[in-house]
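[1] mind looking at a prediction? Sequence and model below.
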Amino acid sequence: MDQPAKLDAVSQPRAIERIVKGMPTSDGAGVKLTRVLTQDLQQRLDPFLLLDVFRTDDPDDYIAGFPEHPHRGFETITYMLAGRMRHRDSAGHEGLLQNGGVQWMTAGRGVIHSEMPEQENGIMEGFQLWLNLPARRKMIGPWYRDIPKGEIPGYVTAEGVAVRVIAGTSNGIAGAVQREVTEPLYIDIDMPADSLFSTALPATHNAFVYVYRGEVTIGGTQVGEGRMAILANVPQADGVVLISSGPAKAILVSGKPLGEPIMQHGPFVMNTKEEILQAIKDFRDGRLAPE
């Protein structure tokens, strides 16, 4: 149940460094999506590696789903706004991701999983975010959690802004998942017309806002629907302020940079080329699944 919350005092809000338009692409067995956080932004938005956005009511765009594929070295966070997706993996985990729910998977040393639609019509909409693991934790055992909509903490501000806190802490409300090293904040913000929202952000953290309905203004700059605003890193900044003139929805994501080398080859993200080659060999030899 949503709780009332008082907004954090933000005296030095962040401005926008740049606005990014996503790139249409496909993944899995041809699922159409938009890649907003691309590989060339991984260092800038460390510890985040990828953000994919999907939204369609055409079953041909999603029906083939994501058949079995491997991962190693990072975490995947899938937030489903609408639709049904079945997860199965080689660690024995299975779950059904539904409207408003989140699937959080730690690939660690290796997992093979599938994500397949359990619908033949209707809209499918959501996000998949990749969160890096620190070098010392890349080979930990796989982990998985399904978080239904009703188990995601939320709050409502005095101006009627409704917020769901998937990870981290916002305006005093702790989210469903906490991570010590990368300290991710992941919130979904639903703003009515003529409203203001603010939350504290550590100055040391990289952060971005993705607007998926309407438009918002940050530091005097307008961010339209389907755009990602990378927030500037300023030592004295203590948070972010969003203003909406009409109804708007956005996700805000921030995290503590790892500052480590990033080496990605498809579904594997490690620190060195040698580790990538080992991941490929382990997959080919059938050693990627948990022991």
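    Yes, it's here.

[2] host element of the residue nearest to the spatial centre of the chain?
    Centroid check for the chain by C-alpha atoms, centre = their mean gives Leu129 as the closest residue, at 3.2 Å. When elements are assigned from DSSP states H and E, Leu129 belongs to strand 124-132.

[3] for that strand, what is the average pLDDT?
    For strand 124-132, the mean per-residue pLDDT is 96.

[4] switch to numbering from 28
    Sure, I'll start numbering at 28, so the last one becomes strand 151-159.

[5] C-terminal to that strand, what's the next element?
    Defined by DSSP H and E, the subsequent element after strand 151-159 is strand 170-174.

[6] show me which parts of that following strand are buried, residue by residue.
    171, 173-174 (16 or more other C-beta atoms under 10 Å). All C-beta spots, glycine's among them, are computed from the backbone N, C-alpha and C.

[7] got those residues as JSON lines, with pLDDT and distance to Ala275 columns?
    Shown next, in JSON lines, are these (pLDDT from 0 to 100; distance: C-beta to C-beta, whole Å):
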{"residue": "Tyr171", "pLDDT": "93", "distance to Ala275": "32"}
{"residue": "Asp173", "pLDDT": "95", "distance to Ala275": "28"}
{"residue": "Ile174", "pLDDT": "97", "distance to Ala275": "24"}
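
[8] ok so, going back, show me what the strand holding Leu156 is in contact with.
    Surrounding strand 151-159, the residues in contact under the criterion C-beta atoms under 8 Å, 6 or more residues apart in numbering are 64, 73-84, 88-89, 100-110, 112, 144, 206, 209, 211, 213, 237, 278, 280, 282, 285, 287, 289, 296.

[9] buried ones among those?
    Buried among the contacts of strand 151-159 (16+ other C-beta under 10 Å): 64, 73-82, 88-89, 100-108, 110, 112, 144, 206, 209, 211, 213, 237, 278, 280, 282, 285, 289, 296.

[10] okay, now the unreliable bits of this structure?
    In the predicted model of the chain, residues 28, 316-318 satisfy pLDDT under 70.

[11] what do you get if the cut-off is 80, keeping everything else the same?
    Along the chain, the model assigns pLDDT under 80 to residues 28-31, 56, 316-318.

[12] could you show me where the helices are in it, in order?
    300-311 (DSSP state H).

[13] what separation is there between the residue nearest to the centre of the chain and Val63?
    Distance, Leu156 to Val63, using C-beta to C-beta, to the nearest Å: 10 Å.
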